[in-house]
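Novice: return atomic coordinates for the entry below.
(one chain, ligands or ions: 1)
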Amino acid sequence: MAAAASFLSTSSILHPSRSTSSTSNTRLSTRATFFSFPNNCNKPNHTISFSCSADPSPSSAASTDEPPATKPLIELQFIGTKPAEDGSFPVDMVSAISGEKLLRNIMLDNNIELYAAYGKVMNCGGGGSCGTCIVEIMEGQELLNERTDTEKRYFKKKPETWRLACQTIVGNKVNAGKVVVQRMPQWKK
Ligand code: FES
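Specialist: Okay, the predicted model is just below:
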């Protein structure tokens, strides 16, 4: 009742008989509705509504907080092997933190098809010994590691742009940019 009396006292200064006021600080916003009694009122059956809620505005956050550190990203585009009816090739897009994963793992983690029929059941699991995880880097070669000795052995007579996804590190932790990958270049139509 003490709080109610306080608001009634304040509202008696306000006119017309009902008004709304908002106050806020860094943590809470407060909205109170005031009612004033008519001069001749002697029945204390008026009601007062009062509510407090956390202020969701960004300005209420502590202004001294450091922004979260961001790591450089590599944006990857994977081009499919078969064209759609309109002649365009499907493209899957994924982003990965630079230098943290092999291309093979990024593709498998995102359900992007890497292996053709034989490789699906007979691949070496990323050991570099089956030669079935072939991709072609159409753009962004400079954002990847150099071809490994294993790749050089497999791709002696193949295009320079071909890579084994299980030997290809995406990014070097400090670079960022776009890499465009043709899936299963050996089967592209
Ligand atoms: S998964 Fe076998 S060589 Fe890449």
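
Novice: which intervals of the chain have sub-threshold pLDDT?
Specialist: 1-64, 189 (pLDDT under 70).

Novice: domain parsing for it?
Specialist: Following automatic domain parsing, the chain resolves into domains at 5-17+24-54, 73-187.

Novice: to residue 66, which of the ones you listed lies closest?
Specialist: Proximity to residue 66, assessed across those by C-beta to C-beta, is greatest for domain 5-17+24-54 (18.3 Å). C-beta: built from backbone N, CA, C; applies to glycine.

Novice: please identify the helix or strand for the residue nearest to residue 92 when sequence neighbours are not counted.
Specialist: Distances taken as C-beta to C-beta, 6 or more residues apart in numbering place residue 78 nearest to residue 92, at 4.4 Å, with adjacent residues excluded. Following DSSP states H and E, one finds residue 78 within strand 73-79.

Novice: buried sites along that strand?
Specialist: Neighbour counts using 16 or more other C-beta atoms under 10 Å place 74, 76-79 of strand 73-79 among the buried residues.

Novice: what do you get for stretch 174-189?
Specialist: 175, 179-185.

Novice: cool, and stretch 157-175?
Specialist: Going by neighbour count (16+ other C-beta under 10 Å), the buried part of stretch 157-175 is 162-171, 175.

Novice: out of those residues, which are inside strands?
Specialist: Those of these mapping onto strands are 162-164, per DSSP state E.

Novice: what about the ligand: which of these touch it?
Specialist: Among those, the ones lying near the ligand by C-beta under 6 Å from any ligand atom are residue 164.

Novice: the strands in the protein, which residues?
Specialist: Using DSSP E, strands in the chain cover 18-24, 28-35, 50-54, 73-79, 91-97, 134-139, 162-164, 177-183.

Novice: out of the domains of the chain, deepest packed?
Specialist: domain 73-187 (a mean of 16; mean count of other C-beta atoms under 10 Å).

Novice: next to the ligand, which bits of this protein? Give me the list.
Specialist: Residues of the chain lying near the ligand (C-beta under 6 Å from any ligand atom): 123-124, 126-133, 164, 166.

Novice: list the contacts of the nearest residue to residue 172 once chain neighbours are set aside.
Specialist: Leaving out its chain neighbours, the residue that sits closest to residue 172 by C-beta to C-beta, 6+ apart is residue 99, at 4.9 Å. Applying C-beta atoms under 8 Å, 6 or more residues apart in numbering to residue 99 gives the contacts 169-175.
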